[in-house]
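Asker: predicted model and sequence follow; I will ask about them next.
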Amino acid sequence: MIKSYKLRRNISNAIIYVLLTVLCIIWILPLVWLIMTSFRGEDVVYLNNYIIPHEWTFDNYIKLFTDTTVVNYPRWFLNTFIVACFACVISTISVLMVSYTFSRLRFKSRKKFINIGFILGMFPGFLTMVAIYYVLKAMNLTQNLIALIIVYSAGAGLNFAISKGFFDTIPRALDEAATIDGATKNQIFWRIILPMSKPIVVYTVLTSFTGPWADFILAKIIMGDARDNYTIALGLWQMLQKEYINDYFLMFCAGAVLVAVPITALFLKMQKYYVEGVTGGAVKG
Amino acid sequence: MYKYTKRILCASLASLMAISAFAGCGDSSTESSSQGSSSQGSSGTGSTAEVQQYTVDQMMADAQIAMGDEDNVTLKVWGPQASIELLQKQCDAFVQNFKDLGRTITIECVAQGESDAAANVKTDPSAAADVFAFASDQGLDLFNGGYVQQVRLNYREDLESKSISEAYDTVKFQGADDAEEGIYAYPETGDNSYVLFYDKRVLSDEDVKTMEGIMKVCNEEKKYFAFNLGDGFYGCVVPFTAGGTLSLSEDLQTQVLNYDYDQVNAVAKAFVDLCSTSDYFKSEDVNQTLVSGFKNGTYACGVVGSWQIANIEVALGENMGAVKLPTINVNGEDKQLISMYGYKHLGVNAQTKYPMTAQALAFYLTGEECQTQRCKELGWGPSIQSLVDSDLVQDNIALSAIYAQREFSIPQANIRTAFFNPTGAYGGYLVDPTKDHSDAEMKAQYDNMVENITVS
């Protein structure tokens, strides 16, 4: 047994740091590999015994946006962006309203609704994909972007749990004060609670944007053979099929790197509110 | 004490995470087989031979009668991306012909790979194409589910007389209640199989005749031989070389394997001895690696399908060699490797609104004229015997090698989807150097494969 406390601490720290470093490398390596490969100039694509390209080039990115006859990446990118934006706005509003309702309003069967919501929320959405497809087909909505927006935002309200928890922590005294001043429930929600809940709004916006942005399963079943309406996930998957992989693998890597751009931008833009919101404080003793 | 425990806990959790991150290492991927891919072949060389043709004019005249009173027809056709442009041109010619005869037809060609055509048709037949291309291994599924229409009787005779006989056999199906066999698709290509492609700078014509010759050179030259036995489409070579064949139970629901264990095991052992002991035999997804391997000179040869011909030609240029599969020495006797030989067909959707026009279109698209165009422009091997015998195919190294392999193959018919994964797992096991290849384990793996295939 090592007696010196300092030595013991140093040894255990060393072990922990080594482990964390290994984990870190394992986690980051695929990303580095992807980014490096996307700049690869030589067309040896799938034998990856090296990471750093022998020949650097931007061509893969340029081709992604110019060579659109077979792989229409810009179109797919735009489709996904439109769907994700609409779905994001609709779901965010819906989630926050449902959460506020469950948190603040008291009405008959409120508990029951919450329970039903929780239970339904436990089933992954894609379990019902075949049913969803046929319902959409009955409404003549398959193979277009509106169908995707509906699918991604319709059930969003069920994910109220986290934001309800957040609203529960905001003192009801604020609502009461506002009510005394003559504010309606609607006004309280928009003017008082929401401005104080920036972290949860940001969280909801981010999750409702990334969901549709990265979804594959529902897009695959809904879009079928309508290639012009494909989303990015479908398009990237397409590029890895064996009829395309030899010609499009490097472009796939470039495409996969670009997928991260909107999400990163959104996160960087909204990051500061995470902190600001909570520390603002409203009720001071 | 509390701090100490916490640290140990942290450290052990971290190491657990680290270990779990390695959990996937060393697991060779065995992609499920997907046979029907687009073949972006080379342009066919040589001149078109004199072919006894059922001319387009005759065909159109027949179609005019066959289409009955269907008018204002809208059809959708599925074909792989590589062929879409040509397919649309051919369809436009069809449309133009009938426009002159006073019929209005609109045809839209949409890109849809043949390998997942059946899956997409099954998802929603009413949204699927009226005429679609699929690989022959999906025929049984499509027939069983009633997704494809029976070919019109007056086309049967022509299809039977001109098609490669095995291609015609793979579109014949007979349900338990059917009085006789029906024809359920139009043979479109006759080259959906694989042969050995090699780099002439590394291997000589003599080397590629035997597995032993290839492995000897590969080991000496330190270059790879890629043969994806871990995929059932290629892995079936082991039981087939041992004389195995496939059939179906009467209700078409269960796969029947006519394998003899002793013989299969003898061939399997030959593969184990030859391949699992070499660092230069690679069972991997050849579609991803072979072309790159040829480009950077690390691969000597590989077994892959016709769909990679064009890419390999680009990679190797005039150094490309293609021959039928080699032999393997089993207990002193050289046995020719027997492969699985697939075809691609055009099927007519059972739910199409315009069955007669769709049938006429499928018949026209698989006729001599269209197949010749596809062979010249896309390098697709035809399914019509007279075209196969013509210079168009015989002067093309890769295509002629594929057709030469046909003699040593089992047609891709009577196959249930459940056949592929267990067969691939068995093939992959044989050539995996990290696995135990004792007699008992070999038997267990074989039994496991047979059970998994025949259980459904």
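Answerer: Looks like it came in fine.
Asker: only C-alpha atoms from now on, for both contacts and neighbour counts.
Answerer: OK.
Asker: low pLDDT regions in the chain?
Answerer: In the absence of a named chain, this looks at chain A. When the per-residue scores of chain A are filtered using pLDDT under 70, the ranges that remain are A:1-2, A:45-46, A:48, A:274-285.
Asker: that's the wrong chain, I meant chain B
Answerer: Along chain B, the model assigns pLDDT under 70 to residues B:1-56, B:59, B:456.
Asker: closest point of it to chain A, which residue?
Answerer: Of the residues in chain B, the one nearest chain A is B:S292, at a distance of 4.7 Å by C-alpha to the nearest C-alpha.
Asker: for that residue, which non-adjacent residue is spatially closest?
Answerer: In space, and not counting its chain neighbours, B:S292 is closest to A:V44: 4.7 Å by C-alpha to C-alpha, 6 or more residues apart in numbering or on different chains.
Asker: what residues are up against B:E220?
Answerer: Neighbour list for B:E220: empty [criterion: C-alpha atoms under 8 Å, 6 or more residues apart in numbering or on different chains].
Asker: so it is in which element?
Answerer: When elements are defined using DSSP states H and E, B:E220 is found to belong to helix B:211-221.
Asker: from what I see, A:T210 and A:P262 are in contact.
Answerer: No - taking contacts as C-alpha atoms under 8 Å, A:T210 lies outside contact range of A:P262: 9.4 Å.
Asker: beta partners of B:I410?
Answerer: B:M340 (DSSP bridges).
Asker: re the thing from before, with neighbour numbers in mind, choose between A:T210 and A:P262.
Answerer: Shown here are A:T210 and A:P262; by other C-alpha atoms under 10 Å in any protein chain shown, A:T210 has more neighbours (17 against 14).
Asker: the more buried one sits in which helix or strand?
Answerer: helix A:198-214.
Asker: ok, back up a step: neighbours around the residue of chain B closest to chain A, how many?
Answerer: Using other C-alpha under 10 Å as the criterion, B:S292 is surrounded by 22 other residues.
Asker: what helices or strands is the particular helix or strand that has it in it leaning on?
Answerer: B:S292 is part of helix B:286-295 when elements are defined by DSSP H and E. On a contact count with 3 or more C-alpha pairs under 8 Å, 6 or more residues apart in numbering or on different chains; DSSP states H and E, helix B:286-295 meets helix A:245-280, strand B:299-305, helix B:309-316.
Asker: adjacent strands (with direction) for the following helix or strand past the last one?
Answerer: Right, helix B:309-316. Moving toward the C-terminus from helix B:309-316, the next helix or strand (DSSP H and E) is strand B:320-323. Taking DSSP bridges as the criterion, strand B:320-323 pairs within the sheet with strand B:194-199 (antiparallel).
Asker: contacts for the strand it pairs with next, please.
Answerer: Contact with strand B:194-199 is made by B:294, B:299-306, B:316, B:319-326, B:339, B:341, B:401-402, B:405, as judged by C-alpha under 8 Å, 6+ apart.
Asker: host element of residue 132?
Answerer: Went with chain A since none was named. Per DSSP H and E, A:I132 falls inside helix A:129-138.
Asker: hmm, I had chain B in mind actually
Answerer: In this assignment (DSSP H and E), B:F132 forms part of strand B:131-135.
Asker: hmm, that strand in reach of chain A?
Answerer: No - Strand B:131-135 is not in contact with chain A by C-alpha under 8 Å from any C-alpha of the partner chain; minimum separation 11.9 Å.
Asker: contacts for that strand next, please.
Answerer: Here strand B:131-135 makes contact (C-alpha under 8 Å, 6+ apart) with B:35-37, B:75-80, B:114-118, B:192, B:342-349, B:358, B:362.
Asker: apply 7 Å and report the result again.
Answerer: Strand B:131-135 is touched from outside by B:35-36, B:76-79, B:114-115, B:117-118, B:343-349, B:358, B:362, with contacts defined as C-alpha atoms under 7 Å, 6 or more residues apart in numbering or on different chains.
Asker: buried ones in it, by neighbour count?
Answerer: Neighbour-count burial for strand B:131-135, counted by 16 or more other C-alpha atoms under 10 Å in any protein chain shown, picks out B:V131, B:F132, B:A133, B:F134, B:A135.
Asker: which one is the fourth one nearest to, not counting chain neighbours?
Answerer: So the one you mean is B:F134. Using C-alpha to C-alpha, 6+ apart and skipping residues adjacent in sequence, the residue nearest B:F134 is B:E114, 4.4 Å away.
Asker: count the neighbours of B:K200 for me.
Answerer: Counted with other C-alpha under 10 Å, residues neighbouring B:K200 total 17.
Asker: do B:N154 as well
Answerer: Going by other C-alpha under 10 Å, the residues that sit close to B:N154 add up to 10.
Asker: and it, which of the three is it?
Answerer: helix (DSSP: H, G, I helix; E, B strand; the rest coil).
Asker: swap in the one 5 residues further on?
Answerer: For B:L159, the reduced secondary structure class is helix; criterion used: three-state DSSP.
Asker: for it, list the residues it contacts.
Answerer: Going by C-alpha under 7 Å, 6+ apart, the list of residues near B:L159 is empty.
Asker: now the strands: where do they sit in chain A?
Answerer: When secondary structure is read from DSSP state E, chain A shows no strands.
Asker: what does it have sitting close to chain B?
Answerer: Proximity of chain A to chain B, by C-alpha under 7 Å from any C-alpha of the partner chain, involves residues A:I16, A:L19, A:L23, A:V44, A:V45, A:Y46, A:L47, A:D225, A:K242, A:E243, A:I245, A:N246.
Asker: and the gap between the fourth one and B:V304?
Answerer: Right, the one you point to is A:V44. Using C-alpha to C-alpha, to the nearest Å, one obtains 18 Å as the distance from A:V44 to B:V304.
Asker: closest to A:K164 out of the helices and strands packed on helix B:286-295?
Answerer: Closest approach to A:K164 among those (C-alpha to C-alpha): helix A:245-280, 15.1 Å.
Asker: same for the closest one, what does it pack against?
Answerer: Taking 3 or more C-alpha pairs under 7 Å, 6 or more residues apart in numbering or on different chains; DSSP states H and E as the contact definition, the neighbouring helices and strands of helix A:245-280 are helix A:5-38, helix A:59-66, helix A:198-214, helix A:232-239.
Asker: and it, which residues are buried?
Answerer: The neighbour-count check on helix A:245-280 (16+ other C-alpha under 10 Å) flags A:245-246, A:248-257, A:259, A:270, A:273-274, A:277 as buried.
Asker: do the same with stretch A:59-66
Answerer: A:D59, A:N60, A:Y61, A:K63, A:L64, A:F65.
Asker: which member of the residues you listed is positioned nearest B:T170?
Answerer: Within those, distances to B:T170 taken as C-alpha to C-alpha reach their minimum at A:L64, with 40.2 Å.
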